[in-house]
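In: Any chance you can model this:
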Amino acid sequence: MRFAILKEYVSLEREGLPSKLTVSIVGGAGRMGLLLSRVLKDRVEAIRISSRDERRAIEAAKSLGVDWTPIEEAHMSDVVVVSVPIDQTVKVCRDVGQRMSPKSLVVDLASVKSGITSSVAEQTPSPVEYLSLHPLFGPQVRDLVGKRCVAVQVRGGPLTEEFLSILTGCGVVIRRSTVEEHDRAMATVQVLHHHALLALSQTLGKITSEMQLSQYLTESLEKTLQNLESMEQNWGTISAIQRLNPYAQDVREAFAVAARESRNFDEKSRIKLQRALSLLRSP
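Out: The predicted model follows:
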């Protein structure tokens, strides 16, 4: 089974005057919420950070020089961005979206779209626009210039287009996609990647239990260990992606087959490597 990799993106230069939109970020005291607040604060009328923990929201808002608002009042902004764990996305979007006024916009940042977008669409009023985004970067980045983001437009409208324009004005590269295309691509880009790293870690664990390897680590493996450490620190998100992506089992089984076929390390292995690199890197 072949899985499409996202290739076609549209990008705009950083430009334009600040928008008059007000934006609430629910989960704004989290790392991704803080990043979005910092980047967007000079491009919109107001940023309002909300969190279940009001103390964290107040401290985060103060540190960034933006507003904060109780989570019960987050719906009063033109745009509400829901930046919470995947398992909580539907509930939070529903709770906030049902109180939002017509012609406003709710945005989620879920890494899986199947099941989530349909549930949010069903449980929020149809006059409220709904955009599902997936930032293909982590909250550790300093700015968004050149960073990729997938956009699934569920219930579009003028606010959706304006918000996407704000993001492209920040330098974000937007890829418009469908739910199915997104999840098929992410099954390869995220599920397979994480699964392969996890399999590597399990193998390393077995070998390391029999011999001391810490003094023999190459710089290449050090970088891989940093990726594994990042996975461990973000285990909630990693495991949710593995559980919720409907194509996850397909790619894990494909990995098992490929692993068995690659036991013989020869020139064919290099040809397969070159082909994979060509497919993934082609524009």
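In: and the gap between residue 194 and residue 97?
Out: Look at residue 194 and residue 97: by CB to CB, to the nearest Å, they are 30 Å apart. To be clear about C-beta, it is placed using only N, CA and C from the backbone, and glycine gets the same treatment.
In: An error on my part: the question was meant for residue 81.
Out: The spacing between residue 81 and residue 97, counted by CB to CB, is 12 Å.
In: more neighbours, these two?
Out: Set residue 81 next to residue 97 and count neighbours by other CB atoms under 10 Å: residue 81 wins out with 27 against 22.
In: residues contacting residue 21?
Out: 44, 45, 77, 78, 79, 159, 162, 163, 166 (CB atoms under 8 Å, 6 or more residues apart in numbering).
In: Please tell me the pLDDT value assigned to the fourth one.
Out: The one in question is residue 78. Listed pLDDT for residue 78 reads 97.
In: So that it lines up with my notes, have the first residue be 4 from now on.
Out: Done: numbering now begins at 4, and the last item shifts to residue 81.
In: what's the domain layout of the protein?
Out: 13-180, 184-284 (automatic domain parsing).
In: pLDDT of stretch 127-134, averaged?
Out: 97.
In: From one end of that stretch to the other, what's the distance?
Out: 12 Å (CA to CA, to the nearest Å).
In: from the middle of its chain, how far away would that stretch be?
Out: Counting by CA atoms, centre = their mean, to the nearest Å, stretch 127-134 is centred 21 Å from the centre of its parent chain.
In: Need the contact partners of it.
Out: 96-97, 100-101, 103-111, 120, 123-124, 154-160, 162-163, 166-167.
In: for stretch 40-57, same thing?
Out: Here stretch 40-57 has contacts from 19, 21-33, 36, 60, 63-64, 67-74, 76-77, 80, 146-147, 169, 172-173, using CB under 8 Å, 6+ apart.
In: tell me which residues in the helix or strand harbouring residue 207 are buried?
Out: Using DSSP states H and E, residue 207 falls within helix 196-211. Neighbour counts using 16 or more other CB atoms under 10 Å place 197, 198, 200, 204 of helix 196-211 among the buried residues.
In: counting contacts, what elements does it pack onto?
Out: helix 222-236, helix 238-247, helix 251-264 (3 or more CB pairs under 8 Å, 6 or more residues apart in numbering; DSSP states H and E).
In: out of those, which comes closest to residue 116?
Out: Shortest distance between residue 116 and the helices and strands packed on helix 196-211, using CB to CB, is found for helix 238-247: 9.5 Å.
In: quick check: angle from that closest one to helix 251-264?
Out: 90 degrees (axes from the mean of the first three to the mean of the last three CA atoms, to 10 degrees).
In: In helix 238-247, which residues are buried?
Out: Buried-residue list, helix 238-247, by 16+ other CB under 10 Å: 240, 241, 243, 244, 245, 247.
In: For it, the averaged confidence score.
Out: 95.
In: Mind giving me the packing neighbours of it?
Out: Packing contacts for helix 238-247, counted by 3+ CB pairs under 8 Å, 6+ apart, involve helix 89-100, helix 196-211.
In: What about residue 69, how many residues nearby?
Out: 20.
In: residues contacting it?
Out: Counted by CB under 8 Å, 6+ apart, residue 69 has contacts 40, 44, 49, 50, 51, 52.
In: What is the three-state secondary structure of the nearest residue to it once chain neighbours are set aside?
Out: Residue nearest to residue 69 in three dimensions, not counting chain neighbours: residue 50, with 4.1 Å by CB to CB, 6 or more residues apart in numbering. Taking DSSP: H, G, I helix; E, B strand; the rest coil as the rule, one finds residue 50 in the strand state.
In: beta partners for residue 50?
Out: Listed by DSSP bridges, the beta-bridge partners for residue 50 are residue 26.
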